[in-house]
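Colleague: have a look; sequence and predicted model below, questions after that.
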Amino acid sequence: MSVQQREIGRKTLLEEIRKSARIPRIDLSEKTGISRATVTTITADLLREGLIEEVSDDSPSKDARRGRPRVDLQIRGAARLIAGAKISSKAVSLVLLDFSGHQLADLEVEIEKPVFDSEELAEVLKAACDQLARDAGFKLLDLSGLGVGIAGIVDAPRGFVHWSPSLNARNVELSEDLGVRLGVPVYVDNDANLVALAEKYFGLGRGHTDFIVVTIESGVGMGIVIGDELYRGTRGCGAEFGHTKVHLEGAMCRCGQRGCLEAYVADYALLREATFAGGESVEQDVEDLLTAARDGAGVARSIVERAGRMFAMGLANIVNIFDPELIILSGEQMRFDHLYAEEVIEAMRRSIVQVDKAPPEVKIHKWGDQMWAMGAAAYALDMIAEQAAIGADTDAA
């Protein structure tokens, strides 16, 4: 077996074991198409390196009745320790996972300001990760890696942030900067992409090979899964739903352009419109604004209704371009129903290409920042598992 064949075999088998949770060798061979002899050889290596472990199957089986209980393989949780962090405008949310994806600890740390340089952000993350690890009985340097979700335009393979509302500079080598200061590998991606990963592994996306996640918080994001793979685009900006244009020469977006969807439906956009419109004194935060709209206040209701129309237009564009099986709406604004009210979803349906099949299902997932952090940890876990499979990392088993 060549080195390349061995690496491909190791990656394939380790991925299938992760996906299956626990699986016997014979099923590994059948599911992957790798011969039984090769499966035996490679899994023996993975066992010796401590990446997987054998577990007895307690359920009745033909072999068990003969006195030979079936032996399954599963990921060895203690093999690696992975953290995930979601950076928002008010806090950093973190989770700690073992190599099997089991959550060991979580933590939320309030931050003093919404915008940092990379060195300041590294210090915040270092202190938070150190506390997270200690809460679970570990040290910071026990981490095999950290996944970080950040809003903005991110070249994930490089960990390069072209622009983010959380950073005070453009074109930042964030993975490298954070990795140097934390002393562990860091994997950075757009936070909406990582929500899509969280949905794929832990949420409503399980069992779907094609779905789209739209997140609405202080900004608007989108994660796309096609053929069971996360799609990022060649420059890391292929899923910037919030920056698709819905109005020529329209409202100013925080990205510096005009007419973006985000400039009409994000938190800051709704409050800005309320401030410009004036005349009502309830718009101290988004919840106040939406309450005023529900109570029939004219200005607030007009702002919220326009946001719904713009959002329906954006969703229709997604359906017409991608035709996904499922659209998942997630994020802080899912606490309210103004962007997924039946009239908004119906407006989307009226604007999509009509065929003799049902339109994509739209589901709402009201989860908090800890699940965003789970997506960041899942991304780091993917990267670390791939490196472990080809023997590119140096962690002791």
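Modeller: Done, it's in.
Colleague: what is the least confident helix or strand in the chain?
Modeller: helix 62-65 (a mean of 52; mean pLDDT, DSSP states H and E).
Colleague: next SSE downstream of that one?
Modeller: strand 71-75 (DSSP states H and E).
Colleague: what packs against that next one?
Modeller: Helices and strands touching strand 71-75, by 3 or more C-beta pairs under 8 Å, 6 or more residues apart in numbering; DSSP states H and E, are helix 3-20, strand 22-23, strand 52-56. Where C-beta positions appear, they are placed from N, C-alpha and C, glycine not excepted.
Colleague: so which of the ones you listed is nearest residue 109?
Modeller: helix 3-20 (29.4 Å; C-beta to C-beta).
Colleague: which among the helices and strands packed on strand 71-75 is found nearest to residue 374?
Modeller: Using C-beta to C-beta, the nearest of the helices and strands packed on strand 71-75 to residue 374 is helix 3-20, at 15.3 Å.
Colleague: how about residues contacting that closest one?
Modeller: Under the criterion C-beta atoms under 8 Å, 6 or more residues apart in numbering, residues 1, 23, 27-28, 31-32, 34, 38-39, 42-43, 45-46, 51-52, 73-75, 100-101, 385-386, 388-391 lie in contact with helix 3-20.
Colleague: what about those, which are in strands?
Modeller: 23, 52, 73-75 (DSSP state E).
Colleague: any idea what the nearest residue to residue 249 once chain neighbours are set aside is bridged to?
Modeller: Using C-beta to C-beta, 6 or more residues apart in numbering and skipping residues adjacent in sequence, the residue nearest residue 249 is residue 258, 5.7 Å away. Residue 258 has these beta-bridge partners by DSSP bridges: residue 252.
Colleague: now do the contacts for residue 258.
Modeller: Residue 258 neighbours (C-beta under 8 Å, 6+ apart): 247, 249-252.
Colleague: what's the closest of those to residue 166?
Modeller: The closest of those, once distances to residue 166 are taken by C-beta to C-beta, is residue 252, at 19.2 Å.
Colleague: got the contact list for the closest residue to residue 341 other than its chain neighbours?
Modeller: Of all residues not flanking residue 341 in the chain, residue 308 sits nearest, at 6.7 Å (C-beta to C-beta, 6+ apart). Neighbouring residues of residue 308 by C-beta under 8 Å, 6+ apart: 338-339, 341, 343-344, 347.
Colleague: work out for me the element residue 308 sits within.
Modeller: Using DSSP H and E, residue 308 falls in helix 298-322.
Colleague: cool, and residue 126?
Modeller: helix 118-135.
Colleague: identify the residues contacting that helix?
Modeller: Contacts for helix 118-135 (C-beta under 8 Å, 6+ apart): 81, 83, 85, 87, 92, 94-96, 105-107, 109, 111, 116, 139-140, 142-143, 146, 148, 166-167, 169, 172-174, 177-178, 181-182, 184.
Colleague: now, among the contacts of residue 258, which is nearest to residue 331?
Modeller: residue 251 (20.1 Å).
Colleague: how about the closest one, phi and psi?
Modeller: phi -60, psi 150 (degrees, to the nearest 10).
Colleague: ok, and the closest non-adjacent residue to residue 212?
Modeller: residue 324 is the one closest to residue 212 (C-beta to C-beta, 6+ apart), at 4.7 Å.
Colleague: oh sorry, the question was meant for residue 211
Modeller: residue 326 (4.1 Å).
Colleague: burial count for the one you found?
Modeller: 18 (other C-beta atoms under 10 Å).
Colleague: again with residue 178
Modeller: 25.
Colleague: tell me the buried residues in stretch 11-26?
Modeller: 11-14, 16-18, 20, 22-25 (16 or more other C-beta atoms under 10 Å).
Colleague: figure out how far that stretch is from the centre of its chain.
Modeller: 23 Å (C-alpha atoms, centre = their mean, to the nearest Å).
Colleague: check stretch 325-340 too.
Modeller: On C-alpha atoms, centre = their mean, the centre of stretch 325-340 falls 15 Å from the chain's centre.
Colleague: quick one, the helix or strand hosting residue 276 and helix 298-322 angle?
Modeller: In this structure, residue 276 is located in helix 267-277 according to DSSP H and E. If you take axes from the mean of the first three to the mean of the last three C-alpha atoms, to 10 degrees, helix 267-277 sits at 140 degrees to helix 298-322.
Colleague: show the average pLDDT along helix 267-277.
Modeller: Across helix 267-277, pLDDT averages out at 85.
Colleague: can you name the next helix or strand after that helix?
Modeller: With DSSP H and E, the next secondary element past helix 267-277 is helix 286-294.
Colleague: now that following helix: buried residues?
Modeller: Buried residues in helix 286-294 (16+ other C-beta under 10 Å): 286, 288-290, 292-293.
Colleague: where does pLDDT dip in the stretch 51-200 of the chain?
Modeller: 57-68 (pLDDT under 70).
Colleague: residue boundaries of the helices in it?
Modeller: 62-65, 118-135, 174-182, 191-202 (DSSP state H, counting those that start in this stretch).
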